[in-house]
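Engineer: How does the following fold in three dimensions:
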Amino acid sequence: MSEQATRGWQRPSIYDVAKHAGVSHMTVSRVLNGHPNIRESTRERVLQAIDEMNYTRSSIARALATRRAMRIGVLVDGPVQFGPNSTLRALESAARDVGYSVSAFSISDDEDSQMDDGVVELVTQGVDALCVIAPRASSLDLLRQQSTGLPTIVIKAEQDAVWHTVAVDQRAGATLAVTHLIELGHRSIAHLAGPLEWYDARERDGGWRDALALACLPIPPSVAGDWTSDYGYEYGRGLDVSEVTAVFAANDQMALGLIHGLADRGLSVPGDISVVGFDDLPDARHFLPPLTTVRQDFAALGELALKQIVAAIEGDEAVHHDMIEPRLVLRSSTSRPRS
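Structural biologist: Here you go, the predicted model:
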């Protein structure tokens, strides 16, 4: 039986064509768009797969045939933060590669009611699916009250019974960071958390606790910041360094402020205290000292989210939950604790 027959009625996607041809979906996209730097043998293999699977390239033709807008609506919580902004850019890039466009609606930190406004605006545009990036608990509570009938994916590490989820494994990333400090010999490790209404902040806080508990170390109360360097600075100015030898900051911006606050007190990093961040900002390697941090692969996150969205649009009714592993980047802001 042919692959097309086993698929039943479901329309093939660019990912199906890529799998059939034994190439990446990016290669299929380049062939469809006439990119010159493609081997002729690869081009022929992709075109043959397109023909065999009856894949229709034209976005206009697909929209007319399926009554789709070929547009994904994206609700972005905290759009000024590095993680949400990077995730949105990655999703936009992945969408373009498969013929979709993105309409985004930003929700400011102090306006929960904007979730309702955003859903109405995006649904009015006739989007084919919704994606929520970096949600807070209050935002999702409001979204659950909506009944859009659209496939919905949420970028969060906690699984959801109704919606698709995809995320970088925040808890695993935090565990990597704290385990690194423990392996260096630190036994008193504080956590400057993000706002704990954010799912990402909760997961990073949980990873810090997991690592300390596994090592049978004391778990002091964490301090919930607001993601900003200013908050990290004030935290660093007031931190009791007689009780702490290392700090895991929930993002690089707070880590930057923390290092500044410590420096203004005449304390050195990592001589007096080690600091680890999270995100791997493009500038993190230029902090003084260069920052040990957890890197998130936003490009891979955008591609995986888009793959889930397209599958849901094309009829996949299963609820999927996928994770991407983070990576610890070692730099100069961590060392063995002071003696």
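Engineer: just checking, next helix/strand downstream of whatever helix or strand Thr27 lives in?
Structural biologist: Remark: Thr27 resides in helix 25-32, with elements defined by DSSP states H and E. Next helix or strand after helix 25-32 toward the C-terminus (DSSP H and E): helix 40-53.
Engineer: so for that next one, what's the average pLDDT?
Structural biologist: For helix 40-53, mean pLDDT is 86.
Engineer: got the buried residues for it?
Structural biologist: For helix 40-53, the neighbour count (16 or more other C-beta atoms under 10 Å) marks Thr42, Arg43, Arg45, Val46, Ala49, Ile50, Met53 as buried. In this view, the C-beta of every residue, glycine as well, is placed from N, C-alpha and C.
Engineer: same check, this time on stretch 203-216
Structural biologist: Counting neighbours by 16+ other C-beta under 10 Å, stretch 203-216 gives Glu203, Arg204, Asp205, Gly206, Gly207, Trp208, Arg209, Asp210, Ala211, Leu212 as buried.
Engineer: where does the spatially closest residue to the fifth one that is not a sequence neighbour fall, phi/psi-wise?
Structural biologist: It stands for Gly207. Once flanking residues are discounted, Gly207 sits nearest to Ala174: 2.7 Å by C-beta to C-beta, 6 or more residues apart in numbering. Main-chain torsions, Ala174, degrees, to the nearest 10: phi -60, psi -40.
Engineer: Look at Ala174 and say how many residues are nearby.
Structural biologist: A count of nearby residues for Ala174, using other C-beta atoms under 10 Å, gives 28.
Engineer: Next: Asp160.
Structural biologist: Asp160: 15 surrounding residues under other C-beta under 10 Å.
Engineer: need the contact list for it.
Structural biologist: Val154, Val319, His321 (C-beta atoms under 8 Å, 6 or more residues apart in numbering).
Engineer: so Ala167, which of the three states?
Structural biologist: Of the three states, Ala167 takes strand under DSSP: H, G, I helix; E, B strand; the rest coil.
Engineer: what sits against it?
Structural biologist: Taking C-beta under 8 Å, 6+ apart as the test, what Ala167 contacts is Ile155, Lys156, Ala157, Asp200, Leu301, Asp322, Met323, Ile324.
Engineer: quick one on the thing from earlier: show me which of the buried residues of stretch 203-216 is closest to Leu142.
Structural biologist: Glu203 (20.9 Å; C-beta to C-beta).
Engineer: coming back round to it: farthest pair within the contacts of Ala167?
Structural biologist: Farthest-apart pair in the contacts of Ala167 is Asp200 and Asp322; separation 15.9 Å (C-beta to C-beta).
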